[in-house]
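Visitor: Task: produce atomic coordinates for the following.
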Amino acid sequence: MPSLELNSESLYSSKSILLGPFISVGLMLFLLGIYVLLFVLVLYFLFGRATNAIKRKLHLAWVTPLFLLSVSSTVMKGVSIIKQGTVTLSVVSISPKGQMSAWEYTSVLDLLAGVFYVLANCIADAILLYRCFVIWGPMTRNRIFVFPLMALVFLTNAIGLIGFILGSITTVARLGGDITTGYFIANAVNTFLLTPTVAGRIWWLSREPRRIMGTQIERKYDRIIGMVVESGLLYSASLIIYVVIRQNHGPELFPLVGLMVGIAPTLIILGSSLGLFKSAVPGSRIMISTLRFAEPLAGGDSSEALNANLRGDIDSNIGEAHKAECRSATVRGR
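Guide: Modelled structure (predicted):
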């Protein structure tokens, strides 16, 4: 949100008028190109491979509105930044009252960009919450771990929406700016909480498969956990960097945050579409149960039951391998 205290020495310097918007829009276009490429790849692999129908529909229900909201928020904010720079250059010689009047032209774009960002963030949080709900299993544990996080996420996004609305009203714009700053910080904290909740649970459930199957499955789990953690840290880091630069009156980097809210979950969905979460064991029926992000659990399923099935598949494969080895030894003995 633009500050209402117009300091002509700082506000109308060449750096703030030209360099700031140039940096913001340039970085926005760079990240936008990356995001469009990721989105196209997700669609290509979802429709180009023999993907489970439920998984495909759920992934599309996630990535499509997330992409539209994220890009819309970013483009609107980018237009607002360009408009602010143009208005500033054109009204340098006008009275402060005229400057303020011209500055308010972008308030509607800023409001829409903020609302779309909050909606996109709701979808991104819902993806993480769904993963938590699936891998934590029984409703008892979900009440303890997932439901409080769900309430926290809902409250945070509601406060963020209020902050963006207040920020578009001239008389309370400063209060709205303070609320949105707190919202971005709380958003980063929420992501920090949700990411270890998912990654930590995956690590806990993977202990026995790691012990039984050794290095091969261990690398697969490490790659999955790493992808989850990296996507969460990527978004959280962008929020923290944005808040720091915003508080120091640097270039407006909201478009980058608006894109990162979509890029981080899309990376995970792309990995799932590429089959990176499938078992590395050739010819086995093992699927890493803790990463069933895209399919709802059947009635009565729990993490323990999923792991029991996984152990059964592992034991079955080991038994079959042992029998084959015995038969080979018998043939050699003859």
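Visitor: Poorly predicted segments of the chain, please.
Guide: 1-17, 50-51, 89-106, 137-143, 214, 216, 275-334 (pLDDT under 70).
Visitor: now the helices for it?
Guide: Assigned by DSSP state H, the helices in the chain fall at 8-11, 14, 20-48, 53-90, 96-103, 107-136, 139-167, 173-205, 207-213, 215-247, 254-273, 303-333.
Visitor: Most tightly packed of these?
Guide: Stretch with highest mean neighbour count among the helices of the chain: helix 254-273 (a mean of 24; mean count of other CB atoms under 10 Å). In short, each C-beta sits where N, CA and C put it, glycine included.
Visitor: Quick check: the gap between Asn157 and Ala124.
Guide: The spacing between Asn157 and Ala124, counted by CB to CB, to the nearest Å, is 10 Å.
Visitor: Which residues are in contact with each of these two?
Guide: The contact sets of Asn157 and Ala124 do not overlap (CB atoms under 8 Å, 6 or more residues apart in numbering).
Visitor: give the contact list for the closest residue to Val36 other than its chain neighbours.
Guide: Among residues not flanking Val36 along the chain, Val71 sits closest, at 8.0 Å (CB to CB, 6 or more residues apart in numbering). Contacts for Val71 (CB under 8 Å, 6+ apart) come out as Leu32, Tyr35, Val36, Leu259, Gly262.
Visitor: In contact with the closest residue to Leu259 other than its chain neighbours, which residues are there?
Guide: If the residues on either side of it in the chain are set aside, Leu259 comes closest to Leu31, at 4.5 Å by CB to CB, 6+ apart. Applying CB under 8 Å, 6+ apart to Leu31 gives the contacts Pro255, Leu256, Leu259, Met260, Ile263.
Visitor: got JSON lines for those residues, with distance to Gln84 too?
Guide: Shown next, in JSON lines, are the contacts of Leu31 (distance: CB to CB, whole Å):
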{"residue": "Pro255", "distance to Gln84": "13"}
{"residue": "Leu256", "distance to Gln84": "17"}
{"residue": "Leu259", "distance to Gln84": "19"}
{"residue": "Met260", "distance to Gln84": "22"}
{"residue": "Ile263", "distance to Gln84": "25"}
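Visitor: quick one: which of those residues is nearest to Ile245?
Guide: Leu256 (9.8 Å; CB to CB).
Visitor: just checking, the closest one touches Leu27?
Guide: Yes - with contact defined as CB atoms under 8 Å, Leu256 counts as touching Leu27 (5.7 Å).
Visitor: what residues are shared contacts of those two?
Guide: Residues touching both Leu256 and Leu27 (CB under 8 Å, 6+ apart): none.
Visitor: related to what we said a few turns ago, what separation do you get for the residue nearest to Val36 and Thr88?
Guide: Distance, Val71 to Thr88, by CB to CB: 26 Å.
Visitor: ok, now Leu175?
Guide: The gap separating Leu175 from Thr88 is 24 Å, by CB to CB.
Visitor: same question, Met260
Guide: Distance from Met260 to Thr88, by CB to CB: 27 Å.
Visitor: and if you look at Gly271?
Guide: Distance of Gly271 to Thr88, computed by CB to CB: 43 Å.
Visitor: ok, now which ones touch the spatially closest residue to Leu38 that is not a sequence neighbour?
Guide: Among residues not flanking Leu38 along the chain, Thr266 sits closest, at 5.0 Å (CB to CB, 6+ apart). Thr266 makes contact with Tyr35, Leu38, Phe39, Val42, Val63, Leu66, Phe67, according to CB under 8 Å, 6+ apart.
Visitor: If anything else comes up later, I'll come back, but that's it for now.
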